[in-house]
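Visitor: Below are the sequence and a predicted model; questions follow.
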Amino acid sequence: MTLVLNHLTEGPATAPPLLLGPSLGTSYALWDQVAPELSIGHRVIRWDLPGHGGSPAELIGPGATVGDLAGLVLALADSLGVERFAYAGVSLGGAVGLHLAVHHPERVSSLAVICSSAHFNGAKAWEERAATVRAEGLAKLADGADGRWFTPGFTVPRLVRDHRDADPGAYAACCDALAAFDLRDRLGGIGVPTLLIAGREDPATPPAHLREIADAVPGSTLTELPGASHLAPAERPEAVLTALRAHFDGGARRGMAVRREVLGDAHVDRAQGRQTPFTARFQDFISRYAWGEIWTDETLSRRERSMITMTALVAHGHYEELAMHVRAARRNGLTPDEIGAVLLQTAVYCGVPAANSAFAAAQRVLAEEDGATG
Ligand SMILES: O=C(O)CCC(=O)CC(=O)O
């Protein structure tokens with residue numbers, strides 16, 4: 001019997017397939033907080049590394065490469081009748097995704113690389129770790145997992161247990177794969193839509209590693225998550241979920257791009273960073289509908305949409321939101337004089353007190369942005 005990677009499939013069999021890859025030492029439980037939500041719109045298939053979770057250790061041996069792991073993922077996809085799929089992976093799982101996008105682009109429709117890298121800082125440390133694990137097993141390394149994986153005080157006992165229970169030989173073979181991995185000179189050839197997610201506090205693959213990929217992969221997007229270390233899907237599941245949804249869902253992806261163009265990266269990153277499980281769906285809703293459907297509709301120009309939006313906000317007295325849209329109006333090309341003319345017209349149709357508060361809010365923003373109102 002041919003051995004395949006242990007995996008869990010969730011979601012409708014007819015939905016677009018999405019494969020989720022784990023990091024070294026973990027199992028598909030790394031996706032516990034994210035996969036069920038993603039499976040509303042996807043056939044989600046999450047897999048275990050060889051010798052981790054429920055995958056047979058015999059699938060891998062000394063001197064293994066990331067290419068070997070990618071081959072196992074393709075064999076899994078073949079066994080499930082999946083030809084082309086979206087893919088997201090964490091760290092080693094992300095390296096597998098980069099390998100697939102470079103060497104098997106016909107199989108990958110879209111890629112997300114999370115807390116990962118195009119190289120893992122050379123071979124030496126991984127060769128040493130592999131030798132130690134082959135000699136002593138995983139207990140000591142698992143004792144230090146919290147510090148390598150999470151911000152202080154956070155943990156996921158199930159993942160630490162999976163680390164302790166992994167097969168030492170297979171774990172060491174995965175270290176061999178990390179030691180030999182370096183795709184830096186191939187990144188420019190990646191043509192699939194690519195999202196990079198970095199944990200701001202990740203000591204293993206710090207944001208600079210994700211930035212390096214973002215700088216090289218044409219058209220890619222980078223999101224940095226505050227309050228996340230190396231296992232972002234476990235530590236900031238709601239933020240990872242929103243970013244993945246926006247990336248893998250066409251409408252939401254378009255919406256997120258327009259939202260960033262109009263409101264600016266700094267604002268959107270702040271909003272994403274502040275997100276909680278309670279607000280995640282609302283953020284997703286805004287990206288998908290307000291930005292993905294309305295602001296992307298070219299019947300009206302962005303300048304016209306800015307004028308309408310500012311007027312509506314004055315009419316309902318939403319001055320905080322108005323301040324944000326005065327900034328957006330400037331990004332959409334309105335001059336301070338034109339913004340003033342819009343607000344003056346609101347004095348007629350929305351009332352003088354409303355326009356008075358609107359002028360005060362807009363004046364503050366314009367003074368910050370351009371120093372334009374003297
Ligand atoms: O457990 C660690 O020390 C992090 C290992 C790493 O960077 C590769 C991975 O998580 O897949």
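Guide: Perfect, I can see it now.
Visitor: what residues does the stretch 201-350 of the chain put near the ligand?
Guide: Neighbours of the ligand within the stretch 201-350 of the chain, by C-beta under 6 Å from any ligand atom: Ala204, Thr205, His230. From N, CA and C alone the C-beta is placed, and that goes for glycine too.
Visitor: Same list (those) but as JSON lines, adding secondary structure and pLDDT.
Guide: Formatted as JSON lines, those follow (DSSP: H, G, I helix; E, B strand; the rest coil; pLDDT from 0 to 100):
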{"residue": "Ala204", "secondary structure": "coil", "pLDDT": "97"}
{"residue": "Thr205", "secondary structure": "coil", "pLDDT": "98"}
{"residue": "His230", "secondary structure": "coil", "pLDDT": "98"}
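Visitor: Identify the neighbouring strands of the host helix or strand of Leu8 in the sheet and state each direction.
Guide: Under the criterion of DSSP states H and E, Leu8 resides in strand 7-10. Using DSSP bridges, strand 7-10 pairs in its sheet with strand 43-47 (antiparallel).
Visitor: near the ligand, anything from the strand it pairs with?
Guide: No - counting by C-beta under 6 Å from any ligand atom, no contacts exist between strand 43-47 and the ligand, the nearest distance being 13.6 Å.
Visitor: tell me the mean pLDDT for that strand?
Guide: Strand 43-47 carries an average pLDDT of 97.
Visitor: could you point out which element follows that strand?
Guide: helix 66-79.
Visitor: buried set for that next one?
Guide: For helix 66-79, the neighbour count (16 or more other C-beta atoms under 10 Å) marks Val66, Gly67, Asp68, Leu69, Ala70, Gly71, Leu72, Val73, Leu74, Leu76, Ala77 as buried.
Visitor: Double-check the last one against Tyr87; I have them as touching.
Guide: If I follow you right, that is Ala77. No - the pair Ala77 / Tyr87 is not scored as a contact, 9.5 Å apart, by C-beta atoms under 8 Å.
Visitor: what's the overlap in contacts for these two?
Guide: Both Ala77 and Tyr87 are in contact with Leu19, where contact means C-beta atoms under 8 Å, 6 or more residues apart in numbering.
Visitor: Could you measure from Gly169 over to the ligand?
Guide: 17 Å (C-beta to the nearest ligand atom, to the nearest Å).
Visitor: ugh, typo on my part, it should be Trp31
Guide: For Trp31 relative to the ligand (C-beta to the nearest ligand atom), the value is 14 Å.
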